[in-house]
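Asker: fold the following.
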Amino acid sequence: MSCRITELVLDCVDVERQARFWAAVLGYVEIGREDDGSIEIGPPQAGFGGLQPTLVLSPGGAPDRGKLPLHLDVNATDRDQDAELERLLALGATPADVGQTGEESWHVLADPEGNEFCLLRSRVAPA
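Answerer: Take a look at the predicted model:
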């Protein structure tokens, strides 16, 4: 027996904004809302329990600053890294400095609330 990651939960100040941002980044759609104000987004036609985890944007306080113990890595599916970087910046991502040397093959970015994530170089097949 083993477990599988089915959802990732991100505490947010502005749940709607974060849901729009991450849905656009990942090509996800809204699949549900909870009474507590959470919004769950996931892959179209798959929803919860599919092969890809869903993302739950949950109301929370101001994000903690400093290095997070977990971050997301994303890869483009239909364009090269430079084109995907332009798209993510246009969606509201911002460059983040975590002490990189400039020689890395990835870009460190922050979502609209400052949560860091990395855009890796490889292109992967869509799910």
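Asker: so which residues of this protein form strands?
Answerer: Per DSSP state E, the chain carries strands over the ranges 7-12, 29-33, 39-42, 54-59, 72-76, 94-95, 107-110, 116-123.
Asker: what count of nearby residues applies to residue 70?
Answerer: Residue 70 is flanked by 8 other residues according to other CB atoms under 10 Å. C-betas here are computed from N, CA, C, even on glycine.
Asker: against residue 26, how distant is it?
Answerer: From residue 70 across to residue 26, the span is 16 Å (CB to CB, to the nearest Å).
Asker: wouldn't residue 116 be in contact with residue 71 here?
Answerer: Yes. If you go by CB atoms under 8 Å, residue 116 and residue 71 touch, sitting 5.0 Å apart.
Asker: so for residue 48, which of the strands of the chain sits nearest?
Answerer: For the strands of the chain, proximity to residue 48 was assessed by CB to CB; strand 54-59 is nearest, at 5.3 Å.
Asker: so what touches the closest one?
Answerer: 6-13, 15, 18-19, 22, 26, 28, 31, 36-43, 47-48 (CB atoms under 8 Å, 6 or more residues apart in numbering).
Asker: what of stretch 114-127?
Answerer: By CB under 8 Å, 6+ apart, the surrounding residues in contact with stretch 114-127 are 10, 27, 43, 46, 51-52, 63, 65, 68, 71-81, 84-85, 88, 93, 96, 98, 105-111.
Asker: now it: average pLDDT?
Answerer: Averaging pLDDT along stretch 114-127 gives 87.
Asker: buried ones in it?
Answerer: Neighbour counts over stretch 114-127 (16 or more other CB atoms under 10 Å) mark 115-120 as buried.
Asker: what do you get for stretch 92-108?
Answerer: Applying a neighbour-count criterion of 16+ other CB under 10 Å, one finds 92-93, 96, 106-108 buried in stretch 92-108.
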